[in-house]
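Enquirer: below: sequence and its predicted model.
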Amino acid sequence: MTAWYYKAKRIIINTLIHLFLISVAATCFLPLGWMVSSSLKTQETIFKDMSLIPGEFHFRNYILAWKEGGFGQYFLNSIIYTVSVVIGIIIVASLAAYAFSRLRFPGRKILFLVFMAAMMIPIPGSFVALYVLLNKLHLRNTGLGYILCMISVGLSMSIFLLKTFFDKLPRELEDAARIDGASKLGIWWHVAMPLARPVLAVVVIFNALNVWNEYVLAMIMFDSKNLMPLQRALMVFQGEFLTNYPLLMAGLTITALPIILVYLLMQKYIVKGVTEGATFG
Amino acid sequence: MKLKSTLENYIFITPATLIFVIFYLIPFIWVFRLGLYEWDGIVPAKVFIGLGNFKEIFFEDKIWWGSMLNAGYITFIALTLQNALAFMLALACDRQMRMKNFYRVLFFIPPVLSEVVAGLVWQWILDGNYGLLNSWLTSLGFGSLARSWLADPNTALSAVAMVHCWKGFGWGFLIFLAGLQTIPRELYDAARSDGANSWSTFKNITLPLMMPVAVLVAILTILGTMQGFVMIIAMTDGGPAYHTTVPVLRILASMRGSSRFGYACAQGISFGLILVTLSFIQYRISRLRRDIV
């Protein structure tokens, strides 16, 4: 009798827990479903058809957004910025992290501290000064300016993750390469970098997500529409087509889809990055 | 030989240091300098006014302090509701090992979306005339509750806060879950064989061991939520009539709206100091509590 009672109690509790988890999970997914669903409706049906799965599928919004809305160009811009920044960070941050972990030079400790402090001190107004500086350097409203700024944004965190990894790495392989006469840069590139692949994956994904989703710098950086990345262009687009929700939702889907795909494929690394990055704070 | 080797070592850190100094350190220092000037960002001549900007911020700028209260409200909701939800979900997932990965994948979808996408989708869902929420309320018989959630001064700020919770709880969830999984299972087994029920194991093992994690999540929540503003641009742009405006939006308005670059920098400094103080206090309180217990 009591065994039966405990079993029933456990089943009920487990069911309630799952119901709770499923309802929250549904809340996470539903707005996305609604976004895609709205993007497949037309200006006529969107205000009447409130079903999550539309009666008819209209893919015309995507063609309109991609061609006339300029999202083809914005998409390309976002890809260019994201790839350039990620490559830049990988090289610049891993060079620095390797030096902080392995090489000796005056000022090493203080410089590393400054990089780490930058990660923790919030400066909400820095974009004002950055705007002034970019104007002075004639880098405002240029892709190069945006790429350099975004490299700087991702630098501290990436150096931290990479240095932590290099610190734990055994030195035998590097010593062997040194005895074979390899240069320091050669050891960095041919020995340390291949070994760092797991942490490089985390660095790549985090910075890629960060650049793809970035809005503030893009807002102060770009005046020319043909240079804008997706996030900035979406806000401009929304201002122009205020009531055309199907078209706007198509634009949002185009913007969000790559991120969701990357996330689903790489979520192992994302979870790792969040928990490792957080344990530092 | 030694000198050559040291110079060689500097090659490794030069690119990072250059980019960092130009695009982070110089603007950082300039913020403090510009804060002492009245300057429209265009004319070469800046007018030095000392602490004038700060005086104006502290004694005259009511909208600024209103925006601080708004951000404080959103952060309060995030600290309580969002983090409580994150903790409960993490506890539930820690028990239910079977579908843990499935839930984890879904819970982290809102955090990976951009703030612009999340803000615009929610703006459409909360739309007063054709929004999904109102449509559902009406069909469920609560039509009287339907309203322009983001345009009504009574609900705008709370609606914005709720969307922030939706967007943010996945972070806390992941960190809490990682924390829970570092607790050795043997501790629970030992407590259970000593006759402890699930409430007292929770109170005596889980809670105390999770305190440092909770402090970490709280600090991250404060720093993140207080500075958040992109979703608000996408949803309300601070309206109706400053009801959902937040400090960073005010800094932007000083810079782009009224072209007062010095004032914008002074606002940034004041806000930065408040944030650093908040996280420092939080950290000290947690240390104190650990020393007492």
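Expert: Arrived safely.
Enquirer: low-confidence ranges in the stretch 101-250 of chain B?
Expert: Counting by pLDDT under 70, not a single residue of the stretch 101-250 of chain B qualifies.
Enquirer: tell me the gap between the helix or strand harbouring residue A:28 and the middle of its chain.
Expert: When elements are assigned from DSSP states H and E, residue A:28 belongs to helix A:2-39. Averaging C-alpha coordinates over helix A:2-39 and over its chain gives two centres that are 29 Å apart (CA atoms, centre = their mean, to the nearest Å).
Enquirer: please apply the same query to stretch A:224-242.
Expert: Relative to its chain's centre, stretch A:224-242 lies at 19 Å (CA atoms, centre = their mean).
Enquirer: do the same with stretch B:56-73
Expert: Put simply, stretch B:56-73 sits 18 Å off its chain's centre (CA atoms, centre = their mean).
Enquirer: still on that earlier bit, the helix holding residue A:28 near chain B anywhere?
Expert: Yes: among the residues of helix A:2-39, A:14, A:17-18, A:20-21, A:24-25, A:27-29, A:31-32, A:34-35, A:38 lie within reach of chain B under CB under 8 Å from any CB of the partner chain. Heads up, the C-betas are built off the backbone N, CA and C, glycines and all.
Enquirer: that helix - what's its average pLDDT?
Expert: In this model, helix A:2-39 has a mean pLDDT of 88.
Enquirer: show me what secondary structure element comes after that helix.
Expert: Per DSSP H and E, the first helix or strand lying C-terminal to helix A:2-39 is helix A:60-67.
Enquirer: just to revisit the earlier point, which strands and helices lie in contact with the helix holding residue A:28?
Expert: Under the contact criterion of 3 or more CB pairs under 8 Å, 6 or more residues apart in numbering or on different chains; DSSP states H and E, helix A:2-39 touches helix A:245-280, helix B:83-95, helix B:100-107, helix B:109-112, helix B:115-125, helix B:156-180.
Enquirer: alpha carbons only: can I get the second one in CSV?
Expert: Presented in CSV, the C-alpha positions along helix B:83-95 are these (Å, rounded to 0.1, in the frame of the first residue of the first chain):
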residue,chain,number,x,y,z
ASN,B,83,16.1,34.6,-11.3
ALA,B,84,13.6,32.7,-9.2
LEU,B,85,12.3,31.2,-12.4
ALA,B,86,15.8,30.4,-13.6
PHE,B,87,16.6,28.7,-10.3
MET,B,88,13.4,26.7,-10.2
LEU,B,89,13.9,25.5,-13.8
ALA,B,90,17.5,24.6,-13.0
LEU,B,91,16.3,22.6,-9.9
ALA,B,92,13.7,20.8,-12.0
CYS,B,93,16.2,20.0,-14.7
ASP,B,94,18.8,18.8,-12.2
ARG,B,95,16.2,16.2,-11.0
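Enquirer: that one packs against which elements?
Expert: So helix B:83-95, by 3+ CB pairs under 8 Å, 6+ apart, packs with helix A:2-39, helix B:100-107, helix B:156-180, helix B:207-227.
Enquirer: need the ones you listed in a markdown table (columns: distance to residue B:34).
Expert: Listed next are these as a markdown table, based on distance: least, CB to CB, whole Å:
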| stretch | distance to residue B:34 |
| --- | --- |
| helix A:2-39 | 40 |
| helix B:100-107 | 41 |
| helix B:156-180 | 30 |
| helix B:207-227 | 19 |
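Enquirer: quick one: which of those helices is nearest residue B:53?
Expert: helix B:207-227 (20.2 Å; CB to CB).
Enquirer: in TSV, list the helices and strands packed on helix A:2-39 along with distance to residue A:239 and mean neighbour count.
Expert: Formatted as TSV, those follow (distance: least, CB to CB, whole Å; neighbours: other CB atoms under 10 Å in any protein chain shown):
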stretch	distance to residue A:239	mean neighbour count
helix A:245-280	11	19
helix B:83-95	34	20
helix B:100-107	32	18
helix B:109-112	24	21
helix B:115-125	11	24
helix B:156-180	19	23
